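1. model the structure of this input:
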Amino acid sequence: QVQLVESGGGLVQTGGSLRLSCAASGRAGYSYAMGWFRQAPGLEREFVATIGVSGTFTYYTDSVKGRFTISRDVAKNTVYLQMNSLKAEDTAVYYCAAGTYGTKRTDYAYWGQGTQVTVSS
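-> Numbers count the residues shown, from 1 in each chain. From the prediction side, this is the model:
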């Protein structure tokens, strides 16, 4: 089992920044690709970004490219999502996930509890 705990969400104004963190613990958490997903009210959970085991490979959904950056600290077993130039449409609960490198929910076996990000105009 891998346990994931997100932190760093909150309320921010349009154009502002937040950094989300996801600490992994348990069985070989460092050996999984990590992803961020988000779910806005009434919508499906959608892919945001993913990073490979070594941190070399990353991939983003088009709507966040150039604004969000995913990274990981292998020594700390933690993955980050730096979010800049935030927009109202980024408002959602953000989930961290561990699994295989991909963009589908089914690529990930382990999920955190989520952290709320609210962007106000």
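
2. off-centre distance for the helix or strand containing Ala98?
-> For Ala98, the element it lies in under DSSP states H and E is strand 92-99. Here the centre of mass of C-alpha atoms in strand 92-99, compared against the chain's by Cα atoms, centre = their mean, to the nearest Å, lies 5 Å away.

3. avg pLDDT for that strand?
-> With pLDDT averaged residue by residue, strand 92-99 scores 97.

4. what does stretch 16-35 give?
-> The average pLDDT for stretch 16-35 rounds to 88.

5. that one spans what distance, first to last residue?
-> 22 Å (Cα to Cα, to the nearest Å).

6. what are the buried residues along stretch 79-87?
-> When burial is assessed from 16 or more other Cβ atoms under 10 Å, stretch 79-87 yields the following buried residues: 79-81, 83, 86. Just so you know, the C-beta spots here come from the backbone N, C-alpha and C atoms, and that holds for glycine as well.

7. likewise for stretch 25-44?
-> Of the residues in stretch 25-44, 29-30, 32-38 count as buried by neighbour count, 16+ other Cβ under 10 Å.

8. all set, thanks.
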